[in-house]
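J.: This is a predicted model, with the sequence first.
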Amino acid sequence: MTDLYPAADQRELLRQAAAMHTAASQDVETFLRRLPEVPDPTDITEYANLLSREERARADRQAAADAAGLQLPSMESE
């Protein structure tokens with residue numbers, strides 16, 4: 001039996017991961033634009049959650065880039 005929908009290639013998965021990272025980063029920006037002068041505990045919790053989501057999305061994007069053959073040499077100094 002043939003699949004009706006072919007599996008997405010690695011480049012498409014990378015594009016999707018990049019879009020998810022962009023959306024997560026935009027959510028952080030939106031939050032910061034409406035942040036009150038004195039953040040309360042719910043603001044701090046929301047910010048932590050947004051940053052966690054953005055970091056997961058960045059890691060997913062990097063994993064997709066690696067799978068697509070875009071491995072970068074380490075940029076850390078030795």
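T.: Arrived safely. Numbers count the residues shown, from 1 in each chain.
J.: The spatially closest residue to residue 36 that is not a sequence neighbour: neighbour count?
T.: Nearest non-adjacent residue to residue 36, counting by C-beta to C-beta, 6 or more residues apart in numbering: residue 43, 6.9 Å away. Any C-beta I mention is one placed from the backbone N, CA and C, and that applies to glycine too. Number of residues near residue 43 (other C-beta atoms under 10 Å) recorded here: 14.
J.: how about residue 43, phi and psi?
T.: Backbone geometry at residue 43, expressed as degrees, to the nearest 10, gives phi -60, psi -40.
J.: Ok, residue 38 next?
T.: phi -120, psi 100.
J.: and what of residue 39?
T.: Main-chain torsions, residue 39, degrees, to the nearest 10: phi -70, psi 140.
J.: do residue 69 as well
T.: With angles defined as degrees, to the nearest 10, residue 69 sits at phi 90, psi 20.
J.: surely it meets residue 14?
T.: No. Using C-beta atoms under 8 Å, residue 69 is not in contact with residue 14, being 9.6 Å away.
J.: higher neighbour count, these two?
T.: More crowded of residue 69 and residue 14, by other C-beta under 10 Å: residue 14, with 22 against 9.
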